[in-house]
Every structure is written in C-alpha cells, then in structure tokens.
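>>> I would like to see how this sequence folds:
(4 chains)
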There are 4 protein chains.
Amino acid sequence: MLPWEGELAGRLDREVIESALLRGNPLGDPHERPLWVYTPPGYDTGAATGYPAVYVLQGYTGHVAMWANRTPYRQPFIETADAVFASGLAPPCIVVYVDAWTAYGGSQFVDSPGTGRYHSYLCDEIVPWVDARYRTIPDRESRAVSGKSSGGFGAMITPMLRPDLFGALATHAGDSLYEYVYIPEFGKAVRSLRDYGGDIQRWWDDFRSRVAFTKEADETLLMLLGCAAAFSAREDGTPELPFDPRSGQLRPEVWQRWLAWDPVRMIDRHADALRSLRAVWIDAGNRDQWYLDLGAEAFRSGLERIGVAGDSVHFAHFEGTHTAIDYRYPMALAWLAERLAR
Amino acid sequence: MLPWEGELAGRLDREVIESALLRGNPLGDPHERPLWVYTPPGYDTGAATGYPAVYVLQGYTGHVAMWANRTPYRQPFIETADAVFASGLAPPCIVVYVDAWTAYGGSQFVDSPGTGRYHSYLCDEIVPWVDARYRTIPDRESRAVSGKSSGGFGAMITPMLRPDLFGALATHAGDSLYEYVYIPEFGKAVRSLRDYGGDIQRWWDDFRSRVAFTKEADETLLMLLGCAAAFSAREDGTPELPFDPRSGQLRPEVWQRWLAWDPVRMIDRHADALRSLRAVWIDAGNRDQWYLDLGAEAFRSGLERIGVAGDSVHFAHFEGTHTAIDYRYPMALAWLAERLAR
Amino acid sequence: MLPWEGELAGRLDREVIESALLRGNPLGDPHERPLWVYTPPGYDTGAATGYPAVYVLQGYTGHVAMWANRTPYRQPFIETADAVFASGLAPPCIVVYVDAWTAYGGSQFVDSPGTGRYHSYLCDEIVPWVDARYRTIPDRESRAVSGKSSGGFGAMITPMLRPDLFGALATHAGDSLYEYVYIPEFGKAVRSLRDYGGDIQRWWDDFRSRVAFTKEADETLLMLLGCAAAFSAREDGTPELPFDPRSGQLRPEVWQRWLAWDPVRMIDRHADALRSLRAVWIDAGNRDQWYLDLGAEAFRSGLERIGVAGDSVHFAHFEGTHTAIDYRYPMALAWLAERLAR
Amino acid sequence: MLPWEGELAGRLDREVIESALLRGNPLGDPHERPLWVYTPPGYDTGAATGYPAVYVLQGYTGHVAMWANRTPYRQPFIETADAVFASGLAPPCIVVYVDAWTAYGGSQFVDSPGTGRYHSYLCDEIVPWVDARYRTIPDRESRAVSGKSSGGFGAMITPMLRPDLFGALATHAGDSLYEYVYIPEFGKAVRSLRDYGGDIQRWWDDFRSRVAFTKEADETLLMLLGCAAAFSAREDGTPELPFDPRSGQLRPEVWQRWLAWDPVRMIDRHADALRSLRAVWIDAGNRDQWYLDLGAEAFRSGLERIGVAGDSVHFAHFEGTHTAIDYRYPMALAWLAERLAR
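Here you go, the predicted structure:
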C-alpha cells in the first residue's frame, strides 16, 4: 500500500549480467552487474511476439538499486513507468534499467581506460543479453534509450555512436554545452583543492578514508574526477584534469577531449545517425542549476540545423530545476512507446 | 554486493501492526501500519533471554519503507545499525523502526484530533506488540527512543511523557527552540499563500491535484499544515495556523499551543522524568538550516539546569548541516546500546 | 552633469546643530551634528510664509553625509526629492535630513542609556531649531517624518510618541514584526559568537581593532549590539542581549523590552495618536530579506483595526527586496507633500 | 569630522578635461570629463621637482564622483590614499582618478567603435594633461596604474599596450580568465532574455524607460552589453554578443574577440612589456564571486612563466569576496609608491 510500497501490474526481474568487457576494469569495480528488466502487463500471458525496448540510464552517482528508493508523495519510476502501461496510456514496452556505476560514481557510458568499457558493455553485452532472453523486437527501430542528467547524456551519445542499435532517445536535462556545466565546477574545485595542495588524488585518498560527503568539496571533486577518468584518462588510466588545479587555467588539449564529448558539439560528426532517429525527446527545467535548459535548447536547435524532422522531436522547457524532476520520465516513456510502436 | 545491496548479520522482520488507536483517524490514513523489527546476530540461535530495545523515529515526510533507500557511498541505517552489532562494537539490541506517516507527512508523534493518536499508538500499541513478540527486556531501563529532526523531537518528548516506558533517548538535530525553527517558515508561508488568497486549504487542494513538490511553496506549507494539525488542531480536527496568513502576525493563543510542545520549554514540566533518564544523546550540525544546533544546546543546558547528571548526557556539535547526517545514527545507537546494557 | 553631479533647483543647507541632549552621550559620539535642510524652488525669492516640513531618517549604519553618495543610473534622494518640487509634481516642502548615527551604527531614534537621547534630540532640538530658522508651518498638521528600514521604524514610532509634533509619516520597509526581523539574526549571532566565547563585547573590541566588515559576523553583530543598546540597555548603559549568547534561548524579560518597541505591538498603546494622523504611507518590497513586507501589512491592518481612516493610508507591496529601493522615497514625498498641503 | 567627512592632508583638485578623442563618441557620452588629481602633503610648499604618479581606474558602472561616496566605518579611498602619504608610510605620489564611464556603465579602458576611444583618451590625453599641469616625473619608471575589477583589468592591459607610459601596476580582483568570469553570466543572460525575445536591444530600451536595476536581469545584461560594445562591436558600433541569445551556444569568432582581451591570454603577446615592469601588485579575495582569485593566480603564474622577476611581483589571496575590498587599495598604493620611488 502507498506510500510504503506500490504494486506493479507488470513484472520486474532483478537480474545479474556477467560482463566480459568489464572484467578487470581499471577501478576494480564488479564485472557482475545488476540489470533490472521490466515486462509490461500481458507479457507473460499474451501472445505478442515482439515488444519495443527502452533502456534507462541513470544520472551521476546513480546505481540501479536506487530505482527502488521511495520518496514521500511520489512513486519510484519503476512504478510510474509501470502505470504508463497498466493504464493503457501507451503501447506496451520492455524497460531495461541499466547499471553503469563505478567507484567514481559513474562511467558516463563511454569506453575509457580510466573506468572501463561501459559503452561497449551497454551496446554489445546488455542489448544482446536482453534480446536473447526477452521477446523484444531486436531492431533499432524498436529500441530507445533514455535518462536524466548524465543519463540524458548517455541517451544522446549512444544512438549517435550506435545508430544501428538505437532509433530513439529521451534526454531529461542531459549534460551538454559543457562550458556552462563544468567551468563553474572547475572554479569550485580549484578552491577546494587548496586544502589538498592542488592534488585531486590526495582528496580522493581522503574521501575514501572517511564518511563520504562530509566535506563540501566532495560532490564537485568526485564528479570531476569521474569525468576526467571517463573523458580524459591517459593510456594508463590516470585521470587528467582539464584545468590547472592551482589557477583553473584550462589545459586546452585535455579540455578539448572533454568538448569532443559535448553532445552539442558531436552533432555534426554524427548528423546521419541523428537524422535517422524516429523520436527524440528533449526537456529540461528552466532554472536548471547546470544551465542544462540551455544545453537542451542548443541540442534541439542543432538537430533542426542538420535537418532532423521537426515532428520527430519533442522539446520542452518546464518550470523547475535539476532536482525532483523524475515525474518527467513517464511522460517521455509514454511518448517513446507511442513512437516506437508506430 | 555494495553499493547495490548490503547483507545483514542480524535479521530484519518487515511486519504489519494493526492499530486500534489509529482506526478511523481523521486523515483517513491506514490503521494497518508497517513496523520493522531488527534482531541482532545471535538472537535466533543464542540463549539470551532479554535484549534492550531502541525505537527509531523518522523525520518529517519520512515513512518506514524509506529506511531501505540506498544512496551512493553510504549504506542505509538498517545496515550501519546492523554493523554496530555485527562488529561487536556494542552489546546487542533490538531495533524497532516505527512508522508514523500521515497524509500531511507526519504526526510529530503526538495525539491530536488533527491527525490521530500517534503518541498512544507508539506507546500503548507498538511497545507492547514488540515486547510480546520479541525477547526484549520489557523495562524502561532497557528501552530507548531515537530519531532525527522531527524524529529527534519525538525522541525528546516521548520519554518526558512516558518515563515509565523509556529510560534513554538520542536526538539528532531534533526540533526545538521553535521560534528559530518555525518563524522563518511562517514568513515564507505568508508569501506563498498570496497565490492562494491566504487560504492554506486552497493550497492543500491544489497540492493534492498535481505532482507534489513542483511548486516552491510545497515543502514549507506541507510542514506547517502538518504541524498545525499535530499541535493546534481544533476539537473537530481542523488545523489552525499560529499566524495570520496575510500578515504573519502571530496568533498568541495558537502559537502558545505550539510552544507548549517545544522540548526546551517542556523541560521544567517534566523535570523528574528527565532526571530519571540514564542516557541522553544530543547532537546537531553546527550549520543546521533550522538552527537546531541552538536547540540542541538549549536542550542540553536545560537538562544541566534541572540537574540531569552530566555523565548521562552526550553532547556534540559536529561540522555539518541538517542534511546527510545519517552517519551519526549508528554512533548514537552504539552509545545507547552500551548504556542500556550497563 | 549626470551621472557625476546633479543640479538642485532648490537649496540644500549643510548645517551643524549643537545638541545639548547629546552632550556627554554614553558612546562618546559627537554632540555637534550635521543637519541638512532643503528648501524648495521659490523659497528664497517667494513670498510664501509657511512651508510644510518632512523630516527624513536613515536606515541602520546610515549617517547624513551618505545622502550625497552617488550610484550609477540613479540620482541621490537629495536630487530626486528636489525633482519632486522642481517638476511641480507636488506642493513645495522643506525637507530635513536628520543624523542619528552612533558608534554602533544607529540609535533607532529612541532615548536610551545605552546610546543617548536621540528621540528627544530629534523632537526637542532639531524640530525647534528648524522652525526657528526656516519658514515652516510650525504645526503637527504640516510636519511629517519618513524613512526606510530603521528609518521607517523611526518614522512609525516618532508620531506615536509625539503626535503633538508629527501629523504624517512614510515608512519604507520599516522595522516591525520583530520576531521575523530579529530571530534569524539571533541565530546567526550565536554561531558567530562561538569564536568570541559567547561574549559580544569581545567581538566589539575585535571589530574596532581592525578593518570593519572583514568578517562575516560583523553586520549582524553590529546591528544587534546597537539595537540592544537602544532597546535593552541597563541603567548604566550596558547593552543586554535578548538571548542567551550560547544557546540562542530568548531572555523573556529582555526580549519583551524589544517587543515593546515593535511598531505593530505599539499600535494599541498609541491608538489615539495614530488615529490623529492625516497621512500614512506604508510600503515594502514583496521579497524583503527581513520580511518587512509582512511587517508593513501587519502595521497596515493594525491601523485599520483601530479605525484609522482608509483614505489617509497609502499601502503598497512592490516588486523588490530590501535593497535599492530608494526610488520609492520621492513617491512617498510627493504624496506626503500633497496631503500636508491640503 | 568622521564619519561625516574626512580632512585631507594633501589636496584634491576636481578638474575637467576636454577630450578630443571622445568627442562624437558613439554612445553620445560627454567628451568633457571629470578628472580628479591628488597632490600629497608638501606638494604645494615643497621644493620637490618630480613626483611619481599613480592613475586609478574604477570597476564596472563606476564613475569618478563615486570616489567621494562615504560608507559607515570606512573612509573613501581618496582619504585612505591621503593617509598613506600623510602618515609618512610611503614616499609622496600624485594620484590621478580617471573617469571612463559610458552609458553602458563602462568602457573597459579600450578603444572600440562600440563605446569610444577610452584607451587612447587615457594614454594620449589624460597622461599628457597631468604631466603638463603637475610636477610629475614624466617617465614610465615613475608612472603606475591601478584599479579593482574592471579597473584591475584596465590596470593589467594598459601597461601591456603602452609600456612606454606605464612601468608598474596594481590589480585588485581584475577581470581575467574570462571563461570563469563571463560564462555563468551568459547563462543568466539567456534566461533573462527570454522575456525580451532573445533581443538584448529590447532589454536596453526597456532599461532606459524605467527606474534602473528594478529587474533582476539588469546588472548582468548591462555588463554584457557594455563588454560586447567594448570587445566585440561591429565596425558600425553595434555590440555583438559572444553567444546565441536563445541557447547560450558560444559564437566562436565573437567569443575569440573577447578572449583576445583576457589578460591571462595576452601575456605571451606582451611578454617584453611585462618583463619591463618594475612593480606588479596582484591580489584577490579567496571567495571572489567571479573567481577572480583564479584569474589572479593565473596572471601571476603567467608572469612567472615568461620570466618576470619574482621580487617585482606582490601576490596575495586574502580572505574575502569581490565586495568591500577597498581597504586593499591603500596597501597597494603604498607598495607602488615605495617601488616607484626607488
């Protein structure tokens, strides 16, 4: 009974996938990973032979078990997603909750010597694993990816890199326009690092030795360390910061590696892939703390510029910030389900 | 495996208690309530005949299922509490996770015509229920109550009202010195209520008709409505605000009803009860957003003034705010366990 | 030429008044005080025998020479006030800029053993001095007082105490509803005083020994010390704080002395005086940092309650905060001038 | 008498300079400009034939008459500067207070078709004017420039461009590392411009039609409009924003024009000029709202990199923000005076 628990009309399988690609990853994170797969009402009893699938990615520091967290007055997405299908509001889909957690809090869903091969793990291991075990329609036209924040970033880049696998996406306040997202964080980081002689590794050692998030610096430094591991690790896996840790001055060659992963800046390199998408949902709160409403608009206008059909794009600035916007997820899911089913 | 799940060395029973006292409560909230009872390692196999029990209360808007929520880099209290005993750091205890959720987000653990008889439900239903089903030491000397924020408030007042039941307590940033806690909230509320013609009931109707917490006013107004229901409801259950909703001017007779529940102001009325306590843990972050570090100090000095023995009190201002301070809970639990066992 | 300087159509006399009442004041502040008197266009050449007078008070930490300060894009009030008359927008008035600075930053325009006899100095020295030297109409019906913040407070209380002298007032965000104004400041003060062993005198010694306002605590502590000197000094002049400096707990008998100076709480004691006023301007920004929009509304509704005629009151909540609201002053001045001339 | 007025031991001449270069400037600002020149004690009576001169620039929105503004508890710089010499703390200097105000709030001390030829006005008109009328040592070795914020920027760039004129500088929180300074402002601007259809010109028309600074957007948009006029005006004087006003996306060619004026990025182009300086004072508050503490460190380390002698540089991060740091100015002035006199 609510608020303590919600019933699902469909079924949620809490599986474990053994990843060959993540085995021996540089951070020593587990290569056996939880994977939650949701099947909609009717899946078990019905005769339908193929369902579209929506892969759901998480924001920074998120891991898959957090989808079960309960908050007052709202239900978890696993329940509001279920309600989309239980209500008949949208055609049935399989929903796949992906885990890409790392010791640094996230992988940004890319392959990196700093964290591991999380992009390939998603595309070459999870997708086939799901297709092999569930009655999906194993086709890009019936496969979407969605997420918020860093998960929205993953949802933007994955179809760009693998249009053979994904034909639709939804990004809620996805990371983009990196100068707005990251530069103020670099500024905070420089100040925080004064206590660590400018050495983020010393902060990391400190962070692991005590209760996490008891210093104000922790959130910013963790995110930057993780992004550096994802975007600008050296061959040997060492994360390189894109700024001088004492002055904040950008290191152009490293910062350029980050910018190469800015979805807005990736559009032209992946224009064909983007034009091939049948459905793109983009939204963000109009007061997003990381200016991701600007990133959303920049991504939208970039798609328009390269000729993505306007009727395949849904765009919204909604009243809100980066926080507590999970109620947007089922809206995008219903919209994607409708589009994937056409 | 962490961070996705943690193993308990002890056992957590997720029970349901049927409350006669909550049946027909004014908000129509369920009278069948979840109740989680933890037994420490050795409980099932050992010969021990009696365990102290610590009752754990939640902060405002908390319900018992939220104890299972996972966050990155920290474990839920149900796991850090288990670790206290699994590590042998403290003598074994039973831990009881109480639910006192209401439609307004909380009950403040008092009996009120506005919300229901939650104080009596805790004292006269939950405690006997636990004692009847678990090998507790059914004695005030072996029973404690703890909590954070509104839960800390509950932990302060319950032993004052029922020293026959509780002989120890722990309060983390518990509500106290109400002028510091509430008056700034009244100010915010007046401004928010301008959109509702000064009528909090109109806000409540709006709140229930849409996604919760999509307006900035929501958090403040919900808390004030709930506190008014708990502290200053009319006989018929209607919550009365302690301030004029247009000017903020205090309504002295209503505000006095709130102040009568300020733990700092309750000390003298309950001095004997407080002097009888064998263990009182008080802490708060030195930058608490509701100035509960001041409330903590005022509570501590009040205990000192009435002659509570200094060696039965543990007091700390720690570096921090009101947020993310759950790592304090197992520290207090271990301390209580030690004291209860003496 | 603007923005560097503005021409006055009228004349501003920068006078000095020697105050017998301030001689030997407890803080050792000068008893010779600047007093600026403005006469409108036509005063020197015209035959008019009597002008209404508006006395202008300043906010906390203000001294009279600050009226000449220039800001980009706005003119000082001495110039916008002049423009009211130069434009013919309102009937001519004399405007008197009063100085009530003290070493603590202000006097709150009251008589106190902690600061000096600033109320009497205003009423019994400045007013007669002006009437003796300028062609005022020396009558309550033609005399108003106005101000912002603490100056608005002075503008509210002075006619209550001396209705024989003042028949009109304008308060912009004047101090009122003291619980909203001061209690959060007490909270900040307690925290700041941790560095001074809870002794505000130690802070004061520190403050005077270094560059002012280089510590975050300075603004709050200065204001509270000054208000304690004004509202709750002992007979010997020592300021008593209305709260315990370690816990923040209110000291009821001292706090009551402050509340006795809350304009909203003074209304009933001075109802006849208030009913006798011919013009009352009340305004405040709807996001005032000290919730003085609530105080303004409470003062307005208090006047209504005691039967002050509605057409003698002008009330406005305007879009804004407590900052940069000087553009409201000439609006009130014009309105007062109109009323005083009737 | 303080705090109302301060006596100068030296003399402040409030002059007006008629600028040929500013005549007909694009904003229609006056070409007759105030110029304040201070001569130290002994200047009028003494036999000294040559004094070093320090030119003082203001921050954004500042005009020269604001140097006379009084604040509580601190004296204006014209008085604290005087005290440096009156006290004998440093060898005597002439101090020149420069005005470079524009309708947009500032000129950034550069020549631009958007605002006018303010750099040349400073170097080719003010300097010769002063040298012709005062007993300066008319030599780069005896001439310095100083300022805060945009004035600090001016102090950094002017000697780079005109090492023949200036041999020393002091920058307090001078604009530098433009990505940290401006990109967050661009983000705010995009949001503010939503109310103006993305057209800053529409905002400007609105701004001029009402009381300034009554909308939250005003400060950011004014500064960006002024900087665009200074750094990236078209030939015809139209300011071009360096970002798309709807998405915030940088316009690389325009943004590059701004970056070309980043002092940190100018170092290599002007290395010889910088190496020729005999004294460089750099400081900033360690919590500067525009991260100018980072800019200060980047400028310092850039000087070190190109081989500026360490003993000619004074660097400090002090406890503070961007606000209320005027007490640093006389410290730098004394240090410069000492260096210029050697």
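>>> Secondary structure element holding the most centrally placed residue in chain A?
Closest residue to the average C-alpha location of chain A: residue A:151 at 1.3 Å, with Cα atoms, centre = their mean. Assigned by DSSP states H and E, residue A:151 belongs to helix A:150-161.
>>> follow-up on the earlier one: OK, contacts around the residue nearest to the centre of chain A?
By Cβ atoms under 8 Å, 6 or more residues apart in numbering or on different chains, the contact list for residue A:151 reads A:56-59, A:62, A:172, A:174. (Glycine included, C-beta is placed from N, CA and C.)
>>> Low-confidence regions, the stretch 201-342 of chain A specifically.
In the prediction, the stretch 201-342 of chain A carries residues with pLDDT under 70 at positions A:342.
>>> Next, residue A:220: phi, psi?
Main-chain torsions, residue A:220, degrees, to the nearest 10: phi -60, psi -50.
>>> and chain A, which residues reach chain B?
Applying Cβ under 8 Å from any Cβ of the partner chain, we find that chain A lies next to chain B at A:1, A:3-5, A:30, A:32, A:34, A:61-66, A:68-74, A:99, A:101, A:105, A:211-214, A:319-320, A:324, A:327.
>>> neighbours around the nearest residue to residue A:64 once chain neighbours are set aside, how many?
Of all residues not flanking residue A:64 in the chain, residue A:99 sits nearest, at 3.8 Å (Cβ to Cβ, 6 or more residues apart in numbering or on different chains). Neighbour count for residue A:99, taken as other Cβ atoms under 10 Å in any protein chain shown: 26.
>>> show me where chain A has strands.
Counting by DSSP state E, chain A has these strands, from start to end: A:11-18, A:32-39, A:53-57, A:94-97, A:111-112, A:116-117, A:143-148, A:168-172, A:279-285, A:313-318.
>>> So which bits of the first one are buried?
The reference is to strand A:11-18. Judged by neighbour count (16 or more other Cβ atoms under 10 Å in any protein chain shown), strand A:11-18 contains these buried residues: A:12, A:17.
>>> Tell me, how many residues neighbour residue A:129?
The number of residues packed near residue A:129 is 17, by other Cβ under 10 Å.
>>> which residues does the spatially closest residue to it that is not a sequence neighbour bridge with?
Sequence neighbours aside, residue A:17 is the residue nearest to residue A:129 in space, at 5.5 Å (criterion: Cβ to Cβ, 6+ apart). Here residue A:17 sits in beta bridges with residue A:33, as judged by DSSP bridges.
>>> who touches residue A:17 in this structure?
Applying Cβ under 8 Å, 6+ apart to residue A:17 gives the contacts A:32-35, A:125-126, A:129.
>>> Going through those, which ones are buried?
Members of the contacts of residue A:17 classed as buried by 16+ other Cβ under 10 Å are A:33-35, A:125-126, A:129.
>>> measure the closest residue to residue A:69 other than its chain neighbours to residue D:299 for me?
With sequence-adjacent residues excluded and distances taken as Cβ to Cβ, 6+ apart, residue A:69 is closest to residue B:69, at 4.1 Å. Separation of residue B:69 from residue D:299 (Cβ to Cβ, to the nearest Å): 47 Å.
>>> what does residue A:303 give?
For residue A:303 relative to residue D:299 (Cβ to Cβ), the value is 40 Å.
>>> Neighbour count: those two, which is higher?
residue D:299 (30 against 23).
>>> Can you give me the separation between the more buried one and residue D:153?
Applying Cβ to Cβ, the value for residue D:299 to residue D:153 is 10 Å.
>>> do the same with residue A:330
According to Cβ to Cβ, residue A:330 stands 50 Å off from residue D:153.
>>> now the nearest residue to residue A:38 once chain neighbours are set aside, which residues is it bridged with?
What sits nearest to residue A:38 in space, not counting adjacent residues and going by Cβ to Cβ, 6+ apart, is residue A:95, at 4.1 Å. Residue A:95 forms beta bridges with residue A:38, residue A:54, as assigned by DSSP bridges.
>>> Please verify my assumption that residue A:244 contacts residue A:251.
Yes: the criterion here is Cβ atoms under 8 Å, and residue A:244 meets it with residue A:251 at 6.6 Å.
>>> need the contact list for residue A:160.
Listed by Cβ under 8 Å, 6+ apart, the contact partners of residue A:160 are A:263, A:266, A:269-270, A:273-274.
>>> Distance-wise, check the closest residue to it other than its chain neighbours relative to residue A:158.
In space, and not counting its chain neighbours, residue A:160 is closest to residue A:270: 3.8 Å by Cβ to Cβ, 6+ apart. Per Cβ to Cβ, residue A:270 is found 11 Å from residue A:158.
>>> again with residue A:329
In terms of Cβ to Cβ, residue A:329 sits 17 Å off from residue A:158.
>>> tally of neighbours for the single nearest residue of the stretch 1-150 of chain A relative to chain D?
Per Cβ to the nearest Cβ, residue A:149 is where the stretch 1-150 of chain A lies closest to chain D, at 16.7 Å. Around residue A:149 there are 26 other residues, counting by other Cβ under 10 Å.
>>> For it, grab phi and psi.
Main-chain torsions, residue A:149, degrees, to the nearest 10: phi 60, psi -120.
>>> I'd say it and residue A:60 touch.
Yes: taking contacts as Cβ under 8 Å, residue A:149 lies within contact range of residue A:60: 6.3 Å.
>>> got any residues that touch both of the two?
Residues touching both residue A:149 and residue A:60 (Cβ under 8 Å, 6+ apart): none.
>>> rewinding a little: find the residues that touch each one of residue D:299 and residue D:153.
Common contact partners of residue D:299 and residue D:153 (Cβ under 8 Å, 6+ apart): D:171, D:174, D:176, D:263.
>>> nearest to chain A, of those residues?
Checking the shared contacts of residue D:299 and residue D:153 against chain A with Cβ to the nearest Cβ, the nearest one is residue D:176 at 9.9 Å.
>>> Would you quantify the distance from that closest one to residue D:102?
Distance, residue D:176 to residue D:102, by Cβ to Cβ: 21 Å.
>>> and what of residue A:100?
Plainly put, residue A:100 is 52 Å away from residue D:102 if you go by Cβ to Cβ.
>>> neighbour-wise, which of these two wins?
Neighbour count, other Cβ under 10 Å: between residue A:100 and residue D:102, residue A:100 has more, with 28 against 24.
>>> tell me the pLDDT at the more buried one?
Looking at residue A:100, its pLDDT reads 98.
>>> Could you pull up the contacting residues of it?
A:57-58, A:106-107, A:109, A:118, A:121-122, A:154.
>>> Count the neighbours of residue A:305 for me.
Residues contacting residue A:305 under the criterion other Cβ under 10 Å number 11.
>>> Next, the contact list for the residue nearest to residue A:69, please.
Contacts of residue B:69 by Cβ under 8 Å, 6+ apart are A:66, A:69-70, B:76.
>>> Columns distance to residue A:340 and pLDDT on top of those residues, output as TSV?
Listed next are the contacts of residue B:69 as TSV, based on distance: Cβ to Cβ, whole Å; pLDDT from 0 to 100:
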residue	distance to residue A:340	pLDDT
A:66	26	98
A:69	27	98
A:70	29	98
B:76	36	98
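>>> Next to chain D, which bits of chain A? Give me the list.
Of all the residues in chain A, those in contact range of chain D (Cβ under 8 Å from any Cβ) are A:177, A:179-180, A:183-184, A:186-187, A:190-191, A:194, A:244, A:246-250, A:264, A:286-287, A:291, A:293-294, A:297-298, A:301.
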